[in-house]
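Visitor: below: sequence and its predicted model.
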Amino acid sequence: MRRAHIGGGLRALLAVVALALVAVGISAAGGTSARAAVGSSQASSDCSKVGMPTRGSHFSGVIGAVPVDARCSTNDDHAKGDPPLFWHNGPVMGTDTTGPVVVTPIFWHPDGYPMDSDYESIITKYLADVAHDSGKHTNVFSTLTEYFGTNGSINYQLVAGSPIDDTNPLPADGCTLARKDRAGIYADGSGYTACLDDDQVSAETASVVKAGNLPVNMSHIYVLFVPKHVETCFMPGSTGSLKQGFQACTINHEKTAAYCAYHFISGQMVYANLSYPIYHSPLQTVLYTCGSDSKSSFGVVESPNGNADADTEVSPTSHEIMEAITDPDTETGWYDDIGYENGDECAYVYGSTQGAAGQLYNQLINHDQYLTQEEFSNNDFLNTGLGCLPFD
């Protein structure tokens, strides 16, 4: 998701600016599309606006949880926002100037909040595989190369940073955990025992980076994997009320149920919040998921690596890394005229798959199998009217 300091009242202005940038903002880079032109007819589904709205207060472009009972099709390669993407005259990551993008996973598991070793190892392997296949045109990261910024064109060149085990204790709750959210959130019937706001997520990431004396610049992304049973929200205060202003949280029993993950920049630190994945959730209200089990996808959690939690988390991880690279400051990078970034356009769009039922995959990266959403290509959208690709 993306969030930017652009108020809702400026939405029309943003659209005007975006239209004015058509001539310079759409990459004219060449490259072979992963699909032949098939015309420009729009999808008949209503999938484009499922989940959370793209804007609210100073947060925008959210990667929302999808309703389990959504009846639209999410595997038809149609972008969901209002493409094409436009460049907003700022820098990007992964250029010749910045060098390769180093992606460092931080696995936060305080005392009392264990994290499965297989969960960590599969995600770590995924990042290593994406780095290993840098420069190839065989996975979604190859779509990055058609985008550019003031500091040059993006290369598909990733480096897997050494994973960090973060055992720091949880701080005191920054948001008020609703009583009914203490159960019925995860597939096993358990719920939240703590609630952290974005300032706390950012502060924890920064503390780990500082303790490790790690670089903070346009060459590094830090991905914080939040432990199970920890709800996160954008704002402090109530998780159950919208009356105090804009509020959005991970999946809960409230009206604030909204997102699965997001990225942002704090100072010069580019980071992402990857909340623990929720699927098959026994919510008492509208059912939401961060996985592939919605009726508009596969109806079940597809797990090519045999760990449903990790296999679900791989897709939003891909989403947030792609968006951070193309729009690191969430204001001056690439997004369409309603705020969708490249990941938002194709969230929950998986395209063609291979493998056995229950273990389907659509990405073969360094010979390993993963199921991730496709990613948006301006070039493909202009040629076919679709835009979501498994590779470029």
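Guide: Happy to help now that I have it. Numbering: from 1, shown residues only.
Visitor: distance from the chain centre to the longest strand along the chain, please.
Guide: In the chain, assigned by DSSP state E, the strand with the most residues is strand 257-266. Centroid displacement of strand 257-266 relative to its chain, using C-alpha atoms, centre = their mean, to the nearest Å, is 8 Å.
Visitor: before we move on, what about stretch 336-354?
Guide: Distance, stretch centre to chain centre, for stretch 336-354: 10 Å (C-alpha atoms, centre = their mean).
Visitor: pLDDT of it, averaged?
Guide: Averaged over stretch 336-354, pLDDT sits at 95.
Visitor: okay, how far is it across that stretch, tip to tip?
Guide: Taking C-alpha to C-alpha, to the nearest Å, stretch 336-354 runs 31 Å from one end to the other.
Visitor: what comes up buried for that stretch?
Guide: Residues of stretch 336-354 classed as buried: 336-351, 353 (neighbour count, 16 or more other C-beta atoms under 10 Å). Placement of C-beta: from N, CA and C, glycine included.
Visitor: one step back: average model confidence for the following helix or strand past the longest strand of the chain?
Guide: Sequence order places strand 269-274 as the next helix or strand after strand 257-266, per DSSP states H and E. Strand 269-274 shows a mean pLDDT of 96.
Visitor: and the longest strand of the chain, which strands flank it?
Guide: Strand pairing for strand 257-266, determined by DSSP bridges: strand 63-64 (antiparallel), strand 249-250 (parallel), strand 269-274 (antiparallel).
Visitor: and S294, which helix or strand is it part of?
Guide: Following DSSP H and E, one finds S294 outside all helices and strands.
Visitor: which residues touch the closest residue to D199 other than its chain neighbours?
Guide: Closest residue to D199 apart from its sequence neighbours, by C-beta to C-beta, 6 or more residues apart in numbering: G174 at 6.7 Å. Residues in contact with G174 (C-beta atoms under 8 Å, 6 or more residues apart in numbering) are 195-197, 199-200, 233, 236.
Visitor: swap in 7 Å and give it another go.
Guide: The neighbourhood of G174, defined by C-beta atoms under 7 Å, 6 or more residues apart in numbering, consists of 195-197, 199-200, 236.
Visitor: dump the longest strand of the chain to PDB, keeping only the CA atoms.
Guide: What follows is strand 257-266, C-alpha atoms only, in PDB (Å, rounded to 0.1, in the frame of the first residue of the first chain):
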ATOM      1  CA  ALA A 257     -10.800  -3.800   9.400                       C
ATOM      2  CA  ALA A 258      -8.700  -2.800   6.400                       C
ATOM      3  CA  TYR A 259      -5.200  -3.800   5.500                       C
ATOM      4  CA  CYS A 260      -2.700  -6.600   5.300                       C
ATOM      5  CA  ALA A 261       0.600  -4.700   4.800                       C
ATOM      6  CA  TYR A 262       2.000  -1.300   3.900                       C
ATOM      7  CA  HIS A 263       5.200   0.600   3.200                       C
ATOM      8  CA  PHE A 264       6.400   4.100   4.000                       C
ATOM      9  CA  ILE A 265       9.500   6.200   4.600                       C
ATOM     10  CA  SER A 266      10.500   7.600   8.000                       C
END
